[in-house]
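A.B. asks: coordinates for the following, if possible.
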Amino acid sequence: AFSLIAQTLLENPITSSPPGTPVNPLRPVAQTTSIRLLISHNLMGTLIGRQGLKIKQIQDASGARMVASKEMLPQSTERTVEVQGSIDAIRIAISEIGKCLVEDWERGVGTVLYNPAAPRMASGSMGNFGTGSSGLRSNYTSRTGNGTDFTSNQGQYRARTEGGFGGGDLRTQEISIPADMVGCIIGKGGSKISEIRRLSGSKISIAKTPHDETGERMFTIVGTPEANEKALYLLYGQLEVEKDKRLNMTGDHMEEEGM
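C.D. replies: Residues are numbered from 1 along each chain as shown. Just a heads-up that it's a prediction; the model follows:
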C-alpha cells in the first residue's frame, strides 16, 4: 500500500502551477519521494535500536533514508519518521519498520494518537475544566484501537471532580514521560498531578525510577475510559505548556545574546 502511495506521489507531483496548467510531457519525472509515518514515542527505541544500529540496518537493507523527529507531536505521544527514497526502497523500509513495531507492539499500548486538528492547550488552561459536576464542552473523545485520539467532535461529557470513578469498567494505561518533563507534571509539592487526578477522576501513579536506559519514567493511569481520556488530555496539555514555556525562554535568551 505504501509503495502505491509513493508511486502516486511521483506520478502526480505537487507543483506551484495554477490548476488547469497543461503538464509538460518532456519534464523529467522524479525518481524519489518521501512518506512520513506516525510512530509511538514508546516504540522509537525499538525502531532506532541501541546506538542507532537498527535504523541503520533498515537503511542499508532498503537503500532508503530515514529521519526520526526528536519531539512528540502536539497533544500526542507520537513522533514522525520520514522515509525517503525510490518506490522499492520505501516499500522495503516500511516493511522492516512494520516488523519492528509488531515484535514490540505492547510498548505502543496507550499511545495518544496525533490529529492536526486538535486545538493546542494554552498556558493555564487546566483551570477551564471547572469544578463540581459541571459539563465540559469539548471536541475530545476516544478512537478505536490501542491509541487515543482527542479530535472526534462528539459534543459533551461530564468532568467528575468528586472522588471515585462513577462506575463502569476500569482500564489501565501506561505512558512514558521524558525525565526532564516529569517535574512539570508533578508540580511543586505534587500540586499539578493532584489537580489532574482530581479533575479526571483517574488514579495516577508514577514510577520512582526510570524504566529503561532512556531515563524516562512510567506513569500508570487507572480509571474508566472517559476518566483516563481526560487524564491523558490534561497530562499532555501540561507537557505542551511546558514545551512552549521552554521554547519562549530559549527565544528570549537568543534575542538577548543578539543584542
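
A.B. asks: going forward, measure contacts between C-alpha atoms and count neighbours the same way
C.D. replies: Will do.

A.B. asks: so the closest residue to S34 other than its chain neighbours is in which element?
C.D. replies: Leaving aside its chain neighbours, S34 sits nearest to Q84 (4.2 Å; criterion: CA to CA, 6 or more residues apart in numbering). According to DSSP states H and E, Q84 maps onto strand 78-85.

A.B. asks: that older thread, tell me what the residue nearest to S34 is bridged to.
C.D. replies: When bridges are taken as DSSP bridges, the partners of Q84 come out as S34, R65.

A.B. asks: test my guess that it contacts A64.
C.D. replies: Yes. Q84 lies in contact with A64 (CA atoms under 8 Å); the separation is 5.5 Å.

A.B. asks: shared neighbours of the two, which are they?
C.D. replies: Common contacts of Q84 and A64, defined by CA atoms under 8 Å, 6 or more residues apart in numbering, comprise I90.

A.B. asks: look at these two and report which has more neighbours.
C.D. replies: A64 (24 against 21; other CA atoms under 10 Å).

A.B. asks: about what we covered before: residues in contact with the strand holding Q84?
C.D. replies: With CA under 8 Å, 6+ apart as the criterion, strand 78-85 contacts 31-41, 63-73, 90, 93-94, 111-114.

A.B. asks: worst mean pLDDT across the helices and strands of this protein, which element?
C.D. replies: strand 156-158 (a mean of 27; mean pLDDT, DSSP states H and E).

A.B. asks: can you name the element that comes right after it?
C.D. replies: Note on strand 156-158: by DSSP H and E, the next helix or strand toward the C-terminus is strand 171-177.

A.B. asks: show me where the stretch 151-259 of the chain has helices.
C.D. replies: Per DSSP state H, counting those that start in this stretch, the stretch 151-259 of the chain has helices spanning 182-186, 191-200, 225-258. These are given in chain order.

A.B. asks: among the ones you listed, which is nearest V102?
C.D. replies: Minimum separation from V102 across the helices of the stretch 151-259 of the chain (CA to CA) falls at helix 225-258, 24.2 Å.

A.B. asks: and I48, how many neighbours?
C.D. replies: By other CA under 10 Å, the burial measure for I48, its neighbour count, is 19.

A.B. asks: correction: the previous question concerned G98.
C.D. replies: Taking other CA under 10 Å as the criterion, the count of residues near G98 is 13.

A.B. asks: tell me who's in contact with it.
C.D. replies: Residues counted as contacts of G98 (CA under 8 Å, 6+ apart): none.

A.B. asks: which pLDDT value belongs to it?
C.D. replies: For G98, the model assigns a pLDDT of 92.

A.B. asks: quickly find the element holding it.
C.D. replies: helix 87-103.

A.B. asks: hmm, back to that, tell me the mean pLDDT for the strand holding Q84?
C.D. replies: Mean pLDDT, strand 78-85: 91.

A.B. asks: may I have that strand as CSV, with CA atoms only?
C.D. replies: Taking only C-alpha atoms (Å, rounded to 0.1, in the frame of the first residue of the first chain), the coordinates of strand 78-85 have been written out as CSV:
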residue,chain,number,x,y,z
GLU,A,78,3.6,10.1,18.5
ARG,A,79,6.6,11.1,16.6
THR,A,80,7.3,11.2,12.9
VAL,A,81,9.6,9.0,10.8
GLU,A,82,10.2,10.3,7.3
VAL,A,83,11.2,7.6,4.8
GLN,A,84,12.9,9.0,1.7
GLY,A,85,13.9,7.1,-1.4
